[in-house]
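**Student:** No letters, just coordinates:
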């Protein structure tokens, strides 16, 4: 009955224009449930789409469809000659959302910026301990060591002082974890003892206002009439959650949704041939990978990790999952279009005999059982996780390893992966800001082991020193050299199987306009409408 009710409700929304309503709702079939709406706690793309891109803004953001920085809540800024001081001049007249649970008494100002950063930076801040998972981006990118101070100069001016130069700092400020919250709303929740509402009843300045969330079913938003860039053209925004890409496509064909994220590459030719549909595609800054937990028995031995890499049939895997020409076999942690890609790195040739010899040398008995966590629904980094796991299982069986595959819901998988419960985790990462540091610091640094985002739990001092130095260098040639050196260390140690850099597709009804597919793969529907 619940599924039927949802279908009827969506159909009613879609048919509403027939009765004379001019603005139309936009229904997006998305691949998973958001983990929550307090975006600083989370790193997944689906949560970013439902929170950072929909409900919140940051001081700066990216021009749609690009990695070009543009003003957002800050209308301009200055950087000191030594690169240590950033002065942001805030846009005036920006309003926070009005809802049935919060009515702001003032516009956004410097106090909100301070609250949003001090909450993560200051251990004595009353909100610092109000999350169960900490602040994974802030911690893995070591912002506590980077930021010397965040100070209010006046109501519309905020000054960030750094302890050292940080080349990607402006790009970092466009990421979801730097979203600006209402300090007034935070104070209200703290006084009433309802701090958990920050994650379930969000307030921001973004293009849409939260209405309700039914987990595994839908998230509903209404357009923000006071949005500083103009009210979005859609009458409503609904995320309809469907983990199966086939179901998403069926709903798109039936006009039960007008946008379907992450269709299977095999379905793209048929979608393009349908006159009622269209496809947006892009070479995303994206990597699908398998992290090998270096703190688990056997996996701590680099010989075992190399053997597993040798057993993995990369090309067959990529061709089967993505179709020929739709993905590049992975070598490094990030794609070749990005700075510092090490062109000398090579994947080992598939060699089952050598893999068996390495496993024997490392003392791994025949029939050893290893666990792989994977998700229950397809997405951009892996359109068919179950098939992918079965293929990997067959590869390892040939070298005497029994792979126990555990398929689970996305958020649950990530929670358990952060706890280090698996030998291997199949997942993916898309760049948040177009900078190599955004792959290496959140996913492979020593700080990311502490925060749990480094599922390989790999901490290499030489690698860490190189990426730390690269963050503090402003010369691009020098940064590229340092990243290439770091990737040589990665290549020697093999903490991952870097599987693929896939193209990304979004399927849409032909009458959808104003959608910008993005190399960072965030989905912002502030300008999207059904004509």
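**Tutor:** That came in fine, so what should we check first? Not measured: the values here are computed from a predicted model.
**Student:** all contacts plus neighbour counts: C-alpha atoms, from now on.
**Tutor:** OK.
**Student:** so how far is residue 214 from the closest residue to residue 88 other than its chain neighbours?
**Tutor:** Using CA to CA, 6 or more residues apart in numbering and skipping the chain neighbours, the partner closest in space to residue 88 is residue 77 (4.4 Å). Relative to residue 214, residue 77 is positioned 40 Å away (CA to CA, to the nearest Å).
**Student:** How far does stretch 162-180 stretch from one end to the other?
**Tutor:** 19 Å.
**Student:** And stretch 226-242, by the same measure?
**Tutor:** First residue to last in stretch 226-242 (CA to CA) measures 31 Å.
**Student:** average pLDDT across it?
**Tutor:** Stretch 226-242 comes out with an average pLDDT of 98.
**Student:** Give me the more crowded residue out of residue 77 and residue 214.
**Tutor:** residue 77 (16 against 11; other CA atoms under 10 Å).
**Student:** Does anything pack onto whatever helix or strand the more buried one lives in? Which helices or strands?
**Tutor:** Per DSSP states H and E: residue 77 is located in strand 74-79. Under the contact definition 3 or more CA pairs under 8 Å, 6 or more residues apart in numbering; DSSP states H and E, strand 74-79 sits against strand 85-90.
**Student:** other SSEs contacting the strand it packs on?
**Tutor:** strand 74-79, strand 157-162.
**Student:** Where does the prediction get shaky in the protein?
**Tutor:** 1-22 (pLDDT under 70).
**Student:** Go through it and flag its longest helix.
**Tutor:** In the chain, ranked by residue count with DSSP state H as the criterion, the top helix is helix 476-493.
**Student:** Return the distance of that one from the chain's centre.
**Tutor:** Chain-centre distance of helix 476-493: 23 Å, with CA atoms, centre = their mean, to the nearest Å.
**Student:** Now do the buried residues in it.
**Tutor:** Neighbour-count burial for helix 476-493, counted by 16 or more other CA atoms under 10 Å, picks out 479-491, 493.
**Student:** Check which helices and strands that helix is in contact with.
**Tutor:** Secondary elements touching helix 476-493 (3+ CA pairs under 8 Å, 6+ apart): helix 461-471.
**Student:** Helix or strand next in line after the helix or strand harbouring residue 508, which one?
**Tutor:** Element membership of residue 508, judged by DSSP H and E, is strand 496-509. Downstream of strand 496-509, the first helix or strand assigned by DSSP H and E is strand 512-513.
**Student:** Mind checking what helix or strand follows that following strand in sequence?
**Tutor:** The helix or strand immediately downstream of strand 512-513 is strand 529-530, counting by DSSP H and E.
**Student:** what residues does that following strand touch?
**Tutor:** Contact with strand 529-530 is made by 24, 25, 26, 233, 234, 258, 511, 512, 513, 514, 515, as judged by CA atoms under 8 Å, 6 or more residues apart in numbering.
**Student:** Which one of those residues is nearest to residue 380?
**Tutor:** When the contacts of strand 529-530 are compared for distance to residue 380 (CA to CA), residue 515 wins out at 17.6 Å.
**Student:** you'd agree that closest one is up against residue 525?
**Tutor:** Yes - with contact defined as CA atoms under 8 Å, residue 515 counts as touching residue 525 (6.6 Å).
**Student:** Identify the residues contacting the nearest residue to residue 37 once chain neighbours are set aside.
**Tutor:** In space, and not counting its chain neighbours, residue 37 is closest to residue 199: 4.8 Å by CA to CA, 6+ apart. Neighbouring residues of residue 199 by CA under 8 Å, 6+ apart: 36, 37, 38.
**Student:** which residue sits closest to the last one in space, ignoring its chain neighbours?
**Tutor:** Nearest-residue entry for residue 38: residue 199, 4.5 Å, with adjacent residues in sequence omitted and distances by CA to CA, 6+ apart.
**Student:** Can you list the buried residues in the helix or strand hosting the one you found?
**Tutor:** If you go by DSSP H and E, residue 199 is part of helix 197-200. Buried residues in helix 197-200, counting neighbours by 16+ other CA under 10 Å, are found at 197, 198, 199.
**Student:** What's the local residue count around the nearest residue to residue 493 once chain neighbours are set aside?
**Tutor:** Excluding its sequence neighbours, the residue lying closest to residue 493 (CA to CA, 6+ apart) is residue 302, at 6.0 Å. Residue 302: 17 surrounding residues under other CA under 10 Å.
**Student:** correct me, but residue 302 touches residue 494?
**Tutor:** Yes - counting by CA under 8 Å, residue 302 touches residue 494, with 7.0 Å between them.
**Student:** which residues of the stretch 101-250 of the chain fall in strands?
**Tutor:** Ranges of strands in the stretch 101-250 of the chain, per DSSP state E, counting those that start in this stretch, are 147-154, 157-162, 208-214, 218-223, 237-241.
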